[in-house]
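Peer 1: return atomic coordinates for the entry below.
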Amino acid sequence: MGAAEPSALEAPKPPVWPAFVTFIAALGANTAAALPFLIVLAVQLLSAKENPAQLADLGRMAGRFPVTVMLMLVASVLSTAAVAAIALWLLRTTAPVPVLERSRVPLPAALVVLALLASLSMGSVSTWLALHTGHMQTSTLKMFSTLCTTLPLWAFIVMAFFGSVVPGIAEEAIFRGVVQRHFTARWDPVSGVLLSSLLFGLMHFDLMQGSFAFCIGLLMGTLAHRAGTLWPGMAAHALNNLASFIGSRFAPDPAHALPPSELAVPAAVLASSLAAIAWLLRRGRAGAPA
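Peer 2: Numbering: from 1, shown residues only. As a prediction, this is how the structure comes out:
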C-alpha cells in the first residue's frame, strides 16, 4: 500500500517563469529595436533647432518623419517575432505550443470571421472613445492614422505587412501560446486569459490602445484556450490589423468619426459576433470527449 501512495500525490504545479521571461524579453527587444530610431529622430529635431521632447508626441513625429517612424515600427515588430521564434524553439520539447493543431471548436473558419468582426467593431468603439475623450491626438492611434495617410504607397505596403501578418503570428505565439498557457497550467483558465491579456495591453505602452489590446486579448485568449490551437486567433489578429491599416488609408479622416447615435451599429455587430462565438464555443465544449 505504501508504494502506491506517491502516485496519489498531486502533481507539482508547472513554473510560470517562462511566461514572465518571454514577456520581459519581448518588452526589452521592442525597446532596444526602437532606440536607434528614436536617436535618429532626436538628432533630426536638434538639427532643426527644436526640442527633442517632441518625441513624446508620436502622432506629430509620424507626420514629420513618416518613413523613420515606419521603420521603427517594423524593427519593433521583427524583434517581437524573433522573441516568439526563440521561445517556441526553446519550449518545443517541454511545452510545445499548438500553432497549427486541429481546432476543438467546430467551424474554425467561421470562428476566424466572427473574431474579425468582433475585433473590428471593438476598434470602431475604441477610436470613438479616443476621439471623444481627447486621447486621439496623443495616442499611438494617431500615429498609425497619420502614417497610413502620409506614407508613400510602397512604405504603406511594407508597414501594412509587417504590422498585420507578423504581429498576428508573433504576438499570438507569445501571449496566447507561451504566456497564457503557462499561467493556465499554473492556476486556471480564467487567470491565464486575464493575466496574459493584461500583459498584452501593457506591451502597447498606451492607455487607449492598451485598453483595446486588453479586450482583444480576452477574445483571442478565450478562442485559443477553447480551440486548443492558435491559428484561428492568429488569422483573426492579422486580418484585423490589415483591415485597420487599409481603413485608415482609404477611409475618411477619423476626426469625422461616428456620432454617438451611430455608435449603435458597431455595438450591435460586436454583440452579435460575441454571441455567435459563444454559441460555437459551447458547441465545441458539448462535442468534446468526456
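Peer 1: where does residue 290 land on pLDDT?
Peer 2: Per-residue pLDDT puts residue 290 at 38.
Peer 1: oops, could you answer that again for residue 77 instead?
Peer 2: 95.
Peer 1: helix/strand/coil for residue 103?
Peer 2: Put simply, residue 103 is coil when judged by DSSP: H, G, I helix; E, B strand; the rest coil.
Peer 1: next, give phi and psi for it.
Peer 2: Phi and psi for residue 103, reported as degrees, to the nearest 10, are phi -70, psi 140.
Peer 1: when you give positions from now on, start the count at 848
Peer 2: Yes, from this point I'll number from 848; that puts the last item at residue 950.
Peer 1: residues near it, how many?
Peer 2: Other residues near residue 950 come to 21 when the count uses other Cβ atoms under 10 Å. Just so you know, the C-beta spots here come from the backbone N, C-alpha and C atoms, and that holds for glycine as well.
Peer 1: pretty sure it sits against residue 1074.
Peer 2: Yes: counting by Cβ atoms under 8 Å, residue 950 does reach residue 1074; the two are 4.4 Å apart.
Peer 1: looking at this protein, which helix is longest?
Peer 2: Secondary structure of the chain read by DSSP state H shows that its longest helix is helix 864-894.
Peer 1: which helix or strand lies directly C-terminal to it?
Peer 2: helix 905-911 (DSSP states H and E).
Peer 1: list the contacts of the closest residue to residue 1056 other than its chain neighbours.
Peer 2: Leaving aside its sequence neighbours, residue 1056 sits nearest to residue 987 (Cβ to Cβ, 6 or more residues apart in numbering; 5.1 Å). Residues near residue 987 by Cβ atoms under 8 Å, 6 or more residues apart in numbering: 905-906, 1051-1053, 1055-1056.
Peer 1: so which of those residues belong to helices?
Peer 2: Per DSSP H, the contacts of residue 987 map to helices at 905-906, 1055-1056.
Peer 1: of these - the most surrounded one?
Peer 2: When neighbours are counted as other Cβ under 10 Å, the busiest of these turns out to be residue 905, with 24 neighbours.
Peer 1: separation between that residue and residue 919?
Peer 2: Counting by Cβ to Cβ, to the nearest Å, the gap from residue 905 to residue 919 is 10 Å.
Peer 1: what's the answer for residue 1044, then?
Peer 2: Residue 1044 sits 25 Å away from residue 919 when distances are taken as Cβ to Cβ.
Peer 1: how about residue 1019?
Peer 2: Noted for residue 1019: a distance of 22 Å to residue 919, by Cβ to Cβ.
Peer 1: what about these two, which has more around it?
Peer 2: With neighbours defined as other Cβ under 10 Å, residue 1019 and residue 919 compare such that residue 1019 has more, 30 against 22.
Peer 1: so the more buried one makes contact with residue 1067?
Peer 2: Yes: taking Cβ under 8 Å as the definition, residue 1019 is a contact partner of residue 1067 at 6.4 Å.
Peer 1: now for these two: what residues contact both?
Peer 2: 1080, 1084.
Peer 1: low-confidence bits of the chain, can you list those?
Peer 2: Filtered on pLDDT under 70, the chain yields the residue ranges 848-858, 981-986, 1099-1109, 1131-1137.
Peer 1: what ranges do the helices span in it?
Peer 2: Using DSSP H, helices in the chain cover 852-855, 864-894, 905-911, 913-937, 955-979, 987-997, 1000-1018, 1027-1033, 1036-1049, 1054-1074, 1078-1097, 1111-1134.
Peer 1: format the ones you listed as a markdown table; extra columns: distance to residue 943.
Peer 2: Listed next are the helices of the chain as a markdown table, based on distance: least, Cβ to Cβ, whole Å:
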| stretch | distance to residue 943 |
| --- | --- |
| helix 852-855 | 25 |
| helix 864-894 | 13 |
| helix 905-911 | 37 |
| helix 913-937 | 8 |
| helix 955-979 | 20 |
| helix 987-997 | 33 |
| helix 1000-1018 | 16 |
| helix 1027-1033 | 10 |
| helix 1036-1049 | 17 |
| helix 1054-1074 | 14 |
| helix 1078-1097 | 14 |
| helix 1111-1134 | 21 |
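Peer 1: out of the ones you listed, the one nearest residue 946 is which?
Peer 2: In this view, those are compared for proximity to residue 946 by Cβ to Cβ, and helix 1078-1097 is the closest at 6.3 Å.
Peer 1: just the angle for that closest one relative to helix 987-997, thanks.
Peer 2: Angle, helix 1078-1097 to helix 987-997, by axes from the mean of the first three to the mean of the last three Cα atoms, to 10 degrees: 60 degrees.
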